[in-house]
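> Coordinates only, no sequence provided:
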Ligand SMILES: Nc1ncnc2c1ncn2[C@@H]1O[C@H](COP(=O)(O)OP(=O)(O)OP(=O)(O)O)[C@@H](O)[C@H]1O
């Protein structure tokens with residue numbers, strides 16, 4: 001308004017009118033002769049203001065003229081033409097920038113993507129790329145072609161490779177993953193005239209696996225194993241860097257394939273993607289419409305889905321006010337709506353109470369029919385109950401694959417026998433259900449019985465129970481052993497005997513440990529530092545006082561040492577950022593660790609040893 005008032009004031013001054021008109025005619029086409037509009041500012045909002053102003057001014061002047069002769073109408077037409085053209089310009093720019101600016105997953109199209117014919121034809125080749133606009137991506141180091149450590153993973157890999165070589169996909173196979181690799185590029189970002197480089201990270205390292213129809217395939221793994229990355233690659237959220245995956249025969253590497261895949265899949269992402277302002281019912285209506293359900297069925301389908309996930313009572317409440325568990329249930333309902341042929345559930349029951357979780361398990365169990373489900377979870381119980389096949393993933397690789405029983409029998413420590421005893425309080429023996437005096441529990445006798453017959457010691461021992469782990473090689477003895485144990489129940493004061501396989505959790509922990517050991521054997525735990533022009537050594541990470549090997553002399557019989565200081569670079573890597581002057585190791589100092597350099601160092605640079613100069 002200030003601008004309009006200012007322009008009015010200017011217009012009143014006839015001396016200023018001439019140059020102002022010139023200005024206007026430069027910037028706005030076909031503007032009729034005076035009275036001229038105020039100076040253009042190129043803002044569409046202002047164009048509307050101008051139009052309104054002109055309309056009110058001219059409406060007064062046009063009193064008594066016919067509508068055709070009204071002089072202000074052509075001006076308003078021009079202004080609207082400008083509005084439409086600027087709208088189109090902004091709209092096209094919005095689409096362009098939306099495509100070239102990286103999304104939350106760092107994925108974008110190339111700057112000249114619109115020049116590629118594939119963009120317009122929809123044929124293959126219209127690929128997305130990763131990285132920021134102002135960052136130069138580093139080179140991706142090649143991934144070593146590692147052979148799986150586990151024989152079942154290797155068998156699966158060979159079977160898929162064989163099928164891929166013959167170009168065949170089994171009748172029941174829904175997803176065929178061909179050596180899928182995902183490497184997050186290290187980027188060089190320029191910040192404050194400084195170039196920060198982050199190193200590339202192999203999140204998924206060449207996975208070969210077939211996923212079948214009517215089955216739930218579970219990916220178990222510790223944090224950062226690469227489960228979500230694998231799902232993101234299969235759902236097209238993030239582009240793969242190597243290998244491929246065929247979903248119902250369509251490749252995830254092709255944009256056409258991906259658009260066909262998207263029509264067949266349902267996804268429950270790890271983090272709920274919901275609109276706070278919409279209710280559960282509105283969400284389901286929206287997704288049902290997007291998935292192309294006939295409008296006449298949408299209401300019924302949406303209400304049924306809500307009933308399945310027990311959200312009927314909250315159907316019309318805005319999702320912004322839902323609890324975490326309610327949001328997860330809504331996300332599960334969204335993933336299953338529209339009868340998708342393949343469903344990805346990324347930690348679907350995270351944050352749910354045990355009752356709701358069990359209810360969602362029933363829904364997932366029912367949903368298996370006629371489709372394949374890929375589930376990631378941290379709950380071994382959930383994996384055990386729901387899965388037809390389980391793969392344990394760590395450090396981007398599969399460490400084992402198979403049914404729950406197969407994994408337990410291959411990687412579990414054996415059978416677990418839990419023997420519960422009657423409680424023995426205050427010299428009186430009681431049945432746990434009442435006060436009826438019963439036989440005295442004799443834990444020692446039972447321990448001896450296990451020792452004599454199976455040669456096993458209790459793994460856990462409490463006043464009222466004993467737990468034994470029985471190795472698989474004793475399997476043949478078990479039938480007679482437990483018959484005898486049951487016969488002597490009263491003599492031993494046993495209340496209950498339970499025999500089971502080792503838990504999936506044990507298998508999970510074992511695999512996670514194996515992966516950890518494997519990576520720590522290859523990861524660097526030494527940092528090279530120059531303690532002076534003379535002394536270049538490898539310093540154990542976070543060491544404070546470091547002895548310099550080979551510096552013993554008559555002056556310093558225990559050699560030289562330095563106190564070092566640590567810093568972290570922008571990528572989180574530790575480096576020696578400083579040190580105190582090199583001095584002799586005090587006589588009283590204690591050497592904490594002095595591994596042979598050949599065991600720890602990978603180069604010719606000697607490895608410093610840890611010392612504590614203050615301890616005596
Ligand atoms: N956009 C990204 N850029 C760089 N590294 C990433 C990116 N996304 C994930 N990573 C890294 O890839 C690895 C695998 O991450 P991912 O989220 O797939 O693990 P996850 O198994 O799903 O873990 P969680 O169980 O915690 O969800 C992690 O080390 C993570 O830091």
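Looks like it arrived, so ask away. Given the structure is predicted, the values throughout are model-derived calculations rather than measurements.

> these two touch, right, residue 235 and residue 346?
No: if you go by CB atoms under 8 Å, residue 235 and residue 346 don't touch, sitting 9.5 Å apart. Any C-beta I mention is one placed from the backbone N, CA and C, and that applies to glycine too.

> list the residues that contact both of these two?
Shared contacts of residue 235 and residue 346, defined by CB atoms under 8 Å, 6 or more residues apart in numbering, are found at residue 267.

> what about stretch 221-231, how long is it end to end?
By CA to CA, to the nearest Å, the extent of stretch 221-231 from end to end equals 13 Å.

> Quick one: low-confidence residue ranges for the stretch 351-500 of the chain.
For the stretch 351-500 of the chain, applying pLDDT under 70 flags the ranges 423-440.

> in it, which spans are helices?
Along the stretch 351-500 of the chain, the stretches classed as helices by DSSP state H, counting those that start in this stretch are 354-367, 380-386, 404-411, 443-454, 475-487, 489-492.

> What residues does the stretch 201-350 of the chain have near the ligand?
For the stretch 201-350 of the chain, the residues in contact with the ligand (CB under 6 Å from any ligand atom) are 201, 203, 221, 223-229, 270.

> Pick out the lowest-pLDDT one from these.
By pLDDT, residue 201 ranks lowest within these, coming in at 81.

> What separation do you get for the nearest residue to it once chain neighbours are set aside and residue 378?
Sequence neighbours aside, residue 184 is the residue nearest to residue 201 in space, at 4.7 Å (criterion: CB to CB, 6 or more residues apart in numbering). Distance, residue 184 to residue 378, using CB to CB, to the nearest Å: 22 Å.

> Is residue 57 in a helix, a strand, or coil?
What DSSP: H, G, I helix; E, B strand; the rest coil gives for residue 57 is helix.

> what do you get for residue 316?
Per three-state DSSP, residue 316 ends up coil.

> Around it, count how many other residues there are.
10 (other CB atoms under 10 Å).

> is it true that residue 174 touches residue 342?
Yes: counting by CB under 8 Å, residue 174 touches residue 342, with 5.6 Å between them.

> The two: which is more packed in?
residue 174 (24 against 21).

> Pop the domain breakdown of the chain in here.
Structural domains annotated on the chain: 2-95, 267-407, 413-501, 524-612, as defined by automatic domain parsing.

> With distance to residue 167 added, can I get those domains in JSON lines?
Converted to JSON lines, those look like this (distance: least, CB to CB, whole Å):
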{"stretch": "domain 2-95", "distance to residue 167": "38"}
{"stretch": "domain 267-407", "distance to residue 167": "21"}
{"stretch": "domain 413-501", "distance to residue 167": "40"}
{"stretch": "domain 524-612", "distance to residue 167": "42"}
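
> Per-residue pLDDT of residue 509, please?
87.

> and residue 210, that one's in a helix?
No: using three-state DSSP, the secondary structure at residue 210 is strand, not a helix.

> For the ligand, see how far away the nearest residue to it once chain neighbours are set aside is.
By the measure of CB to CB, 6+ apart, the closest residue to residue 210 outside its immediate chain neighbours is residue 173, 4.9 Å from it. Going from residue 173 to the ligand by CB to the nearest ligand atom, to the nearest Å gives 24 Å.

> is it true that residue 173 touches residue 214?
No: the criterion here is CB under 8 Å, and residue 173 misses it with residue 214 at 11.6 Å.

> between the two, who's got more neighbours?
Comparing residue 173 with residue 214 by other CB under 10 Å, the one with more neighbours is residue 173, at 18 against 13.

> Beta-bridge partners for that one, please?
Following DSSP bridges, residue 173 is listed with bridge partners residue 212.

> what do you get for residue 416?
residue 469, residue 500.

> Over to residue 202?
Residues in beta-bridge contact with residue 202 (DSSP bridges): residue 183.

> Quick one: mean pLDDT over the longest helix along the chain.
Using DSSP state H to define each element, the chain has its longest helix at helix 72-100. The average pLDDT within helix 72-100 is 83.

> so how far is it from its chain's centroid?
40 Å (CA atoms, centre = their mean, to the nearest Å).

> Which strands and helices lie in contact with it?
Packing contacts for helix 72-100, counted by 3 or more CB pairs under 8 Å, 6 or more residues apart in numbering; DSSP states H and E, involve helix 44-61.

> which of the domains of the chain sits most buried?
Comparing the domains of the chain by mean neighbour count (mean count of other CB atoms under 10 Å), domain 267-407 ranks first with a mean of 19.

> Next, the distance between the ends of that one.
Span of domain 267-407 from end to end, CA to CA: 27 Å.

> Over to stretch 540-552?
Using CA to CA, the end-to-end distance of stretch 540-552 comes out at 20 Å.

> what mean pLDDT does it have?
Average pLDDT, stretch 540-552: 84.

> contact partners of it?
In contact with stretch 540-552 (CB under 8 Å, 6+ apart) are residues 525-527, 531, 535, 537, 539, 558-564, 566, 574, 582, 585, 589, 591, 593-594, 597, 600, 606-613.

> Just the ones of those residues in strands?
Mapping those onto strands (DSSP state E) picks out 526-527, 537, 539, 560-564, 566, 574, 591, 593, 609-612.

> ok, so what distance separates the residue of the stretch 51-200 of the chain found nearest the ligand from residue 236?
Going by CB to the nearest ligand atom, the ligand is nearest to residue 184 of the stretch 51-200 of the chain, at 3.3 Å. Per CB to CB, residue 184 is found 17 Å from residue 236.

> cool, and residue 390?
From residue 390 to residue 236 the distance is 25 Å (CB to CB).

> what separates residue 152 from residue 607, distance-wise?
Distance, residue 152 to residue 607, using CB to CB: 39 Å.

> for residue 377, same thing?
According to CB to CB, residue 377 stands 42 Å off from residue 607.

> which residues does the residue nearest to residue 460 when sequence neighbours are not counted contact?
Spatially, and ignoring its direct neighbours in sequence, residue 460 is nearest to residue 467 (4.0 Å; CB to CB, 6+ apart). Residues near residue 467 by CB under 8 Å, 6+ apart: 416-419, 458-461.

> Which stretches in the stretch 501-616 of the chain count as helices?
Listed in chain order, the helices of the stretch 501-616 of the chain (DSSP H, counting those that start in this stretch) span 504-522, 597-600.
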